[in-house]
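Participant: Need a 3D model of the following:
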Amino acid sequence: MPKTHLFDLDGKIAFVSGASRGIGEAIARLLAQQGAHVIVSSRKLEGCQAVANSIAAEGGKATAIPCHIGEMEQIHNTFAQIREQFGRLDILVNNAATNPQFCNVLDTDLSAFQKTVDVNIRGYYFMSIEGAKLMKENGGGNIINVASINGVTPGEFQGIYSVTKAAVISMTKVFAKECAQFGIRCNALLPGLTDTKFASALVKNDAIRNYALQRIPLKRVAEPSEMAGAVLYLASDASSYATGMAMNVDGGFLA
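Facilitator: Predicted structure coming up:
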């Protein structure tokens, strides 16, 4: 019996933001392993280039393009470069995010609030618009937004971050509804507690980690690679009838 080709991404161009480490890096590596040419992106070129070089060394195809998605000009410049260099985009993974403040909601700092909104909402929104315009020109594509279980159940002391992730879930449904006519699907991944530098304030704090583990049926923290498989499913033909979905990969937390 022949193997399935549902997960093949040969010939696809994929852009992954926040891909210099953590969940984004794991996603970039897996998409490249499945045949996609991956554009590895984050704020600084150095980290992107290191991941891209590593993918290439393993036989994959990768290009490093830095982009701070909190800066509108950088978003426009990045998509101009993608258009010029590749002429198309098949997969967009919005993964870069920020969470600069860990405090009671009443202590929210205005600059931290604005930074979180600019990256996690405005950044995802306009990355999706620019990505979808390119996809529309080429007959379709897939947008995957990395949200969070905090978008469903707010994380303690993560007020505005949780609000922005709830917005990402809603945004996913908006793009799914309005872009389906162009052959574009849009889905969200909702990671649970994952061992990344981004989540180190939670993972490395014994009291917080132990409290979280009591609420996770699988009784462990996830590895970044455990998020990548869900993104591969959403980016491939295996999920061809799925759009507007929020897929939680959380060890059973939301159950």
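
Participant: drop to CA atoms for contacts and neighbour counts, all remaining ones
Facilitator: Fine.

Participant: Surely residue 68 touches residue 75?
Facilitator: Yes: under the criterion of Cα atoms under 8 Å, residue 68 makes contact with residue 75 at 7.3 Å.

Participant: Show me what the longest strand along the chain pairs with in its sheet, parallel or antiparallel.
Facilitator: The longest strand of the chain (DSSP state E) is strand 184-191. Neighbouring strands of strand 184-191 in its sheet, by DSSP bridges, are strand 141-146 (parallel), strand 246-249 (parallel).

Participant: mind checking how far the longest one is from the chain centre?
Facilitator: Right, the one you point to is strand 141-146. 8 Å (Cα atoms, centre = their mean, to the nearest Å).

Participant: Could you list the low-confidence segments of the stretch 101-250 of the chain?
Facilitator: Residue ranges of the stretch 101-250 of the chain with pLDDT under 70: 198-203.

Participant: And the helices in the stretch 151-255 of the chain, which stretches?
Facilitator: Assigned by DSSP state H, counting those that start in this stretch, the stretch 151-255 of the chain shows helices spanning 159-179, 200-203, 206-214, 225-235.

Participant: scratch that, the stretch 1-150 of the chain
Facilitator: 22-33, 45-57, 72-85, 110-117, 124-137.

Participant: which residues touch residue 75?
Facilitator: When contacts are counted by Cα atoms under 8 Å, 6 or more residues apart in numbering, residue 75 touches 67, 68, 69, 126, 127.

Participant: residues in contact with residue 35?
Facilitator: 8, 9, 10, 11, 12, 60, 61.

Participant: Can you tell me the centre-most residue of the protein?
Facilitator: Closest residue to the average C-alpha location of the chain: residue 95 at 2.5 Å, with Cα atoms, centre = their mean.

Participant: before we move on, back to that, then the longest strand of the chain to PDB, C-alphas only?
Facilitator: Written as PDB, here are the backbone C-alpha positions of strand 184-191 (Å, rounded to 0.1, in the frame of the first residue of the first chain):
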ATOM      1  CA  ILE A 184      -7.600  30.600   1.400                       C
ATOM      2  CA  ARG A 185      -8.100  28.600   4.600                       C
ATOM      3  CA  CYS A 186      -7.300  30.100   8.000                       C
ATOM      4  CA  ASN A 187      -7.000  28.200  11.300                       C
ATOM      5  CA  ALA A 188      -5.500  28.700  14.700                       C
ATOM      6  CA  LEU A 189      -3.200  26.600  16.900                       C
ATOM      7  CA  LEU A 190      -3.800  27.000  20.700                       C
ATOM      8  CA  PRO A 191      -0.600  25.700  22.500                       C
END
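
Participant: Could you figure out how far it is turned away from helix 22-33?
Facilitator: Relative orientation of strand 184-191 and helix 22-33, computed by axes from the mean of the first three to the mean of the last three Cα atoms, to 10 degrees: 130 degrees.

Participant: Next, the angle from strand 184-191 to helix 159-179.
Facilitator: Going by the same axes, to 10 degrees, strand 184-191 makes 160 degrees with helix 159-179.

Participant: for strand 184-191, the distance to its chain's centre please.
Facilitator: 9 Å.

Participant: Begin at 34, not 1, for the rest of this chat.
Facilitator: All right, first residue 34 from here; so that's strand 217-224.

Participant: thinking residue 78 is in contact with residue 99, fair?
Facilitator: Yes: the pair residue 78 and residue 99 qualifies as a contact (Cα under 8 Å) at a distance of 5.0 Å.

Participant: who has more neighbours, the two?
Facilitator: residue 99 (24 against 15; other Cα atoms under 10 Å).

Participant: re the thing from before, report the angle between the longest strand of the chain and helix 157-170.
Facilitator: 140 degrees.

Participant: Tell me which of the helices of the stretch 184-288 of the chain lies nearest to residue 279.
Facilitator: helix 192-212 (6.7 Å; Cα to Cα).
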